[in-house]
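Peer 1: just coords:
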């Protein structure tokens, strides 16, 4: 079995019967290897010891997110965090968005480690939160979906 890159408690926001609530889970991040795909696994975090480790927790309902399906990972602000001092981030896949949270230093570490494993060809460093990107400076680059010089036929 592959070794985990990171593990620890994470809050996962769930929607049940029209209400949003934070649920504490134990998360384990595994890298891609010859034996398995890069993935983030969640387990219920019930009956945990005061130290927060998984030794005393009873594992129920494993949820797996394959990082190959990941589209983006980014910090977000939320109106009501699960606990004081917690910072949230969103992990988007093609199928759905997952809102997660942890204490601020752990949240930043989770985002950076998830980006490194989900997008291994990128060069990842956390940008300072006080310097948000200048949206007007963003330009649409040419790629397979957009090209201003496309020389196709006009369809009527």
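Peer 2: Alright, I've got the coordinates. These numbers were taken from a predicted model, which means no experiment stands behind them. Numbers count the residues shown, from 1 in each chain.
Peer 1: in its sheet, what does the helix or strand containing residue 92 sit against?
Peer 2: In the assignment (DSSP states H and E), residue 92 maps to strand 86-93. Strand pairing for strand 86-93, determined by DSSP bridges: strand 70-76 (antiparallel), strand 97-103 (antiparallel).
Peer 1: now do that strand, average pLDDT.
Peer 2: For strand 86-93, the mean pLDDT works out to 95.
Peer 1: list of residues touching it?
Peer 2: Identification of contacts with strand 86-93 by CB atoms under 8 Å, 6 or more residues apart in numbering yields 11, 40, 65-66, 69-78, 81, 97-104, 107-108, 110-111, 114. All C-beta atoms are positioned from the backbone trio N, CA, C, and that covers glycine.
Peer 1: let's see that with 6 Å instead.
Peer 2: Strand 86-93 is contacted from outside by 69-76, 78, 97-101, 103-104, 107, 111, using CB atoms under 6 Å, 6 or more residues apart in numbering.
Peer 1: what's the answer for stretch 27-34, then?
Peer 2: Against stretch 27-34 from outside (CB under 6 Å, 6+ apart): 2, 4-7, 10, 38-42, 117.
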